[in-house]
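S.K.: Generate coordinates for the sequence data below:
(one chain, ligands or ions: 2)
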Amino acid sequence: MKTIRTQSLSPAAAHLKQASSILQDGGLVAFPTETVYGLGADASNDHAVAKIYHAKGRPQFNPLIVHVADVQTARRFVQWSDLADQLAKAFWPGPLTLVLPRKKEARLSDLLSAGLPTIAIRVPNHPVAKALLEKFGGAVAAPSANPSGLISPTSAVHVQSGLEGRIDAIVDGGLCTVGLESTIIRLDDTAVLLRPGGVAAEDIENEIGKPVHIQTTVDKITTPGQMDSHYAPRAQVRLDAKNWRPDEARLGFGAVDCDLNLSLSADLIEAAANLFSHLHHLDAEGKAMIAVSPIPQTGLGLAINDRLQRAAAPR
Ligand code: TXA
Ligand code: MG
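M.R.: Ligands and ions are numbered 1, 2, ... in the order given. Predicted coordinates for the structure are as follows:
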């Protein structure tokens, strides 16, 4: 791949203006959100969107999430509904992505949705993302800013180590506070959970007062992103480790002796925030195996276990 110069930008107003003009000119800008860093491109520009797939080495059939500054902007692109409104009021800005029918008149690249009649859209809750989206004014397509299949980035350094030389700029906004990707919900008459993430499914059920249907069988046509091997470190990953074996990197949860602890106090929110950065860290130590303590399957534990199972899946 041809190497380009990747600029390092700060969240200062002048730099955000520069980031916005790079997007306007069809370039690629990585920026922080509360979940993970996103690799942004103008969602209306086919060529710019194609460059995302190219930079990430991402399979062409895997559609991208659209990021906008607010609900009004979202409504320009998708068919809004009462259920969408209720969830947006409760969880936006925040780590919830809604999959809704695309408006016919929406000026969005077809590549972006990989031919699907729906669009995945969210309003991120991060001051830098918000400022950049407001300045840009439209829709920014942004998958996580990592090479396809590898660990998602929760710092500008992670982005740099994966994509330096392949993208135009990185805006450094510090560490991501949620630390794993948004929850994806498809809305028609019901709410269907396509990917567990930063908003717990229980919280969505409490909000809408009915169960969320979990799409457990992997349907590669309607949720093409849910590929089995994903978020993979270089090392192999061993899950549910109740004791450690010699020569493993030990990723603990709760009061256990280990190399790095996701949360000593067994707090799932803290564990989610640490997950990818601890995996990056242990992977850099070069051991052949990373062993991980059991994580309870409640609240954000669903999303953490989902990412860990993909990290451990056969490649
Ligand atoms: O937190 C996040 O969601 C981050 C930050 C940057 O916002 N973004 C992110 O994007 O995780 P990405 O591209 O890594 O994951 C997008 C997921 C994929 O699993 C994809 O298949 C799914 O969203 N997706 C996108 N459009 C869809 C659609 N129309 N229907 C169903 N799934 C869709
Ligand atoms: Mg990703």
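S.K.: Give me the phi and psi for D306.
M.R.: For D306, the backbone dihedrals are phi -60, psi -50 (criterion: degrees, to the nearest 10).
S.K.: L150 too?
M.R.: phi -100, psi 180.
S.K.: My read is that V171 contacts A30, right?
M.R.: Yes. Between V171 and A30 there is a contact under C-beta atoms under 8 Å: 6.9 Å. C-beta here means a position set from N, CA and C on the backbone, and glycine is covered the same way.
S.K.: Which strands border the helix or strand A291 falls within, and is each parallel or antiparallel?
M.R.: Applying DSSP states H and E as the criterion places A291 in strand 289-292. Take DSSP bridges as the rule and strand 289-292 pairs in its sheet with strand 236-238 (parallel), strand 248-252 (parallel).
S.K.: Helices of the stretch 1-150 of the chain, start to end?
M.R.: In the stretch 1-150 of the chain, the helices defined using DSSP state H, counting those that start in this stretch lie at 13-24, 46-56, 71-75, 82-91, 127-136.
S.K.: Repeat that for the stretch 201-315 of the chain.
M.R.: So, for the stretch 201-315 of the chain - with DSSP H, counting those that start in this stretch - the helices run 201-208, 268-284, 301-312.
S.K.: For the stretch 1-150 of the chain, which residues are neighbours of ligand 1?
M.R.: For the stretch 1-150 of the chain, the contact set with ligand 1 under C-beta under 6 Å from any ligand atom comprises 33, 35-36, 38, 62-65, 95, 97, 99, 113, 116, 118-120, 124, 142-144.
S.K.: now the strands for the stretch 51-200 of the chain?
M.R.: 65-67, 96-101, 118-122, 140-141, 169-171, 183-187, 191-195 (DSSP state E, counting those that start in this stretch).
S.K.: can you pull the pLDDT of A14?
M.R.: pLDDT, A14: 98.
S.K.: list the buried ones in stretch 74-87?
M.R.: 74-75, 77-78, 80, 83-84, 87 (16 or more other C-beta atoms under 10 Å).
S.K.: residues in contact with it?
M.R.: Under the criterion C-beta atoms under 8 Å, 6 or more residues apart in numbering, residues 66, 68, 71, 88, 96, 98, 100-103, 106, 108, 119, 121, 123, 139, 185, 187, 191, 204, 207-208 lie in contact with stretch 74-87.
S.K.: mind listing what the closest residue in space to P11 that isn't next to it in sequence touches?
M.R.: Nearest non-adjacent residue to P11, counting by C-beta to C-beta, 6 or more residues apart in numbering: V128, 4.6 Å away. Contacts for V128 (C-beta under 8 Å, 6+ apart) come out as 11, 16, 31-32, 171, 173.
S.K.: so where is the chain shaky, pLDDT-wise?
M.R.: The chain contains residues with pLDDT under 70 at 1, 59-61, 216-228.
S.K.: can you rerun that using 80?
M.R.: Where the chain drops to pLDDT under 80, the residues are 1-2, 58-62, 114-115, 216-230.
S.K.: how far away is the most far-flung residue of it relative to its centre from H278?
M.R.: Distance from the centre of the chain peaks at P246, with 33.3 Å (C-alpha atoms, centre = their mean). Using C-beta to C-beta, to the nearest Å, P246 is found at 21 Å from H278.
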